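Student: task: produce atomic coordinates for the following.
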Amino acid sequence: MIADSSFRLLPIKRIRWIWPESALLRTPARRINRSTQRWMSQSPGTFDVNTDTLEPLHILGAGSLGLLWAAQLRLTYPSYPVRLFLRDHYRDKLSDGPDRPLGRQQEIIISFRQQAEKRDSGDQALSVGPSVRRKRPMAPRLVNVPVEFLSPTNDSMPTTASARMIRNVLVTTKAFQAVDAIQSIWHRLDDRSHVILMCNGALAVRDELRERVTDLSSNHPVIHMGWTTNGAFREVGIREGEGQNEDWGVFHVVQAGFGTTSIENYPSMASIWNRAEGLQPSISVESIQMERELWYKLAVNCVINPMTAIHQCTNGELLQAEVIPESEQELMRQVIREVALVIQKATPTDAEPATTAEENDMSEEEISRFVWKVARDTSLNKSSMLQDVLAKRLTEIDYLNGHIVEQGRKYGIDCPANQLLWDKVRDIQEAYCD
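Tutor: From the prediction side, this is the model:
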């Protein structure tokens, strides 16, 4: 028996960091020894726990946020019952060819690294997490994650084990895809299921889901709102120029900012997430607090996302005068001013009174302070909208600044700054979508 824990950890740490990722990438993901993947994924000092008591989790949306969640949870709990949904077209991309078709359930490899590290922050207003500092690039860690393929229609879904009822699903799709994605798995949800909406523009997504949910079934799952200030982005693999990195079953994601995650009225799930180092702190909050936090998050998205997409810069560069001229700085302040006016009108007046003045503060100053703090805390991150523009994909602008403009019309508030950003981003995406 080895009594000295340092003696036990030192060889693991050395072996893991010198293992060349490129050696694994020469072999398709399905042919890599699974025990080697599992051993490689474990961080020094972590160990596999009894996962029988953990809540199984499906992740709907294989973007940067969904990959971050899958990687962090599997690194913390190597046998955690987490499964990632992929659209059916990935089946061909992840196979070696027509002679070796994949089954409906398979595994992918997530190559995960952190571009920033935590440091203590003296300001913890509104559950904003610790800020970050630049560090030397961290060697990627590889973690295998089970996947399940979604067919275009419900009719082609099997009725065997892969179609078991889903107890928990985390929705991290794009806002404009969320409701259709949920509808595609609705036949696997019942009144014991939990759906966690963690999309940009979650308020608008929730309203759209409420309008369409009555047409689906009477066994409605529990809907939890959620949000996070953790920052992550997708990264092109080492085989750039020779095909998409997903062709090899490897998905690359970088955590570029640390923050806080809130989930509505779900303490057990928040507790699981909070044990993952890169997802700390994760907390469960009451519905009233969640509503307030989602409006604040919308304010962040209405400033950071379109401005980084237009100027093609990182979140932190929005704070630099040499990158963003004074006229654009004033535009951002005006966006915040309009969002604050909409929030004050849209926030229910019959809600329970706040226990402190700070909890009740939805002022322009408080919202502005929050927006700039998130920009600092995720300074190295590339916003999801910037990633969409660079990849020539549709953006979520209609669910962000567009939602503010529509809400402004509803309450008789003119929102010209949000309208301007809405128009600019739509012009950008129309240029490459035509």
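
Student: show me which residues of stretch 145-154 are buried.
Tutor: By neighbour count with 16 or more other CB atoms under 10 Å, stretch 145-154 contains the buried residues 145, 147-150. The way it works is simple: take the backbone N, C-alpha and C, and place the C-beta from them, glycine included.

Student: which residues touch it?
Tutor: Here stretch 145-154 makes contact (CB atoms under 8 Å, 6 or more residues apart in numbering) with 58, 70-71, 74, 82-88, 90-91, 102, 104-110, 157, 162, 181, 184-187.

Student: out of those residues, which end up buried?
Tutor: Counted by 16+ other CB under 10 Å, the contacts of stretch 145-154 give 58, 70-71, 74, 82-86, 90-91, 102, 104, 106-110, 157, 181, 184-187 as buried.

Student: what segments of this protein are strands?
Tutor: 57-60, 82-87, 105-114, 116-119, 131-134, 141-150, 168-171, 194-197, 222-228, 231-234, 250-257, 261-264, 282-285 (DSSP state E).

Student: closest one to Leu319 among those strands?
Tutor: Leu319 lies closest to strand 131-134 among the strands of the chain, at 12.4 Å (CB to CB).

Student: what is the mean pLDDT for the closest one?
Tutor: For strand 131-134, the mean per-residue pLDDT is 44.

Student: try stretch 197-210
Tutor: Averaged across stretch 197-210, the pLDDT comes to 90.

Student: may I see the buried residues of it?
Tutor: For stretch 197-210, burial by neighbour count (16+ other CB under 10 Å) applies to 197-206, 208-209.

Student: from those residues, pick the one nearest Arg409.
Tutor: Nearest member of the buried residues of stretch 197-210 to Arg409, counting by CB to CB, is Ala204, at 14.0 Å.

Student: for the stretch 301-434 of the chain, what spans make up the helices?
Tutor: For the stretch 301-434 of the chain, the helices defined by DSSP state H, counting those that start in this stretch cover 326-346, 364-377, 384-390, 401-411, 416-433.

Student: what sits up against the first one?
Tutor: With contact meaning CB under 8 Å, 6+ apart, helix 326-346 is reached by 295, 298-299, 302-303, 307, 311, 318, 321, 324, 362-364, 367-368, 371, 401, 404, 407-408, 411, 413-418, 420-421.

Student: if any of these are buried, put those into a PyMOL selection.
Tutor: To isolate the buried ones among the contacts of helix 326-346 in PyMOL, judged by 16+ other CB under 10 Å, type:
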select buried, resi 295+298+299+302+303+307+318+324+362+364+367+368+371+401+404+407+408+413+415+417+418+420+421
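
Student: around Val425, how many other residues sit close by?
Tutor: Val425: 25 surrounding residues under other CB atoms under 10 Å.

Student: report pLDDT for it.
Tutor: 97.

Student: show me the domain layout of this protein.
Tutor: 5-285, 289-433 (automatic domain parsing).

Student: pick out the shakiest of the ones you listed, pLDDT-wise.
Tutor: For the domains of the chain, mean pLDDT drops lowest on domain 5-285, to a mean of 71.

Student: what about Pro267, how many neighbours?
Tutor: Neighbour tally, Pro267, other CB under 10 Å: 12.

Student: so how far is Gly402 from it?
Tutor: Pro267 sits 34 Å away from Gly402, going by CB to CB, to the nearest Å.

Student: also Ala391?
Tutor: Ala391 is 20 Å from Gly402, by CB to CB.

Student: who has more neighbours, the two?
Tutor: Neighbour count, other CB under 10 Å: between Ala391 and Gly402, Gly402 has more, with 21 against 9.

Student: isn't the more buried one right next to Trp422, touching?
Tutor: Yes - Gly402 is in contact with Trp422 according to CB atoms under 8 Å; the separation is 5.1 Å.

Student: adding distance to Arg234, write the helices of the stretch 301-434 of the chain out as JSON lines.
Tutor: Formatted as JSON lines, these follow (distance: least, CB to CB, whole Å):
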{"stretch": "helix 326-346", "distance to Arg234": "26"}
{"stretch": "helix 364-377", "distance to Arg234": "20"}
{"stretch": "helix 384-390", "distance to Arg234": "6"}
{"stretch": "helix 401-411", "distance to Arg234": "23"}
{"stretch": "helix 416-433", "distance to Arg234": "18"}
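
Student: which one of those helices lies nearest to Pro221?
Tutor: helix 401-411 (23.9 Å).

Student: what about stretch 281-294, start to end distance?
Tutor: 17 Å (CA to CA, to the nearest Å).

Student: what residues of that stretch count as buried?
Tutor: For stretch 281-294, by 16+ other CB under 10 Å, it's 281-285, 288-294.
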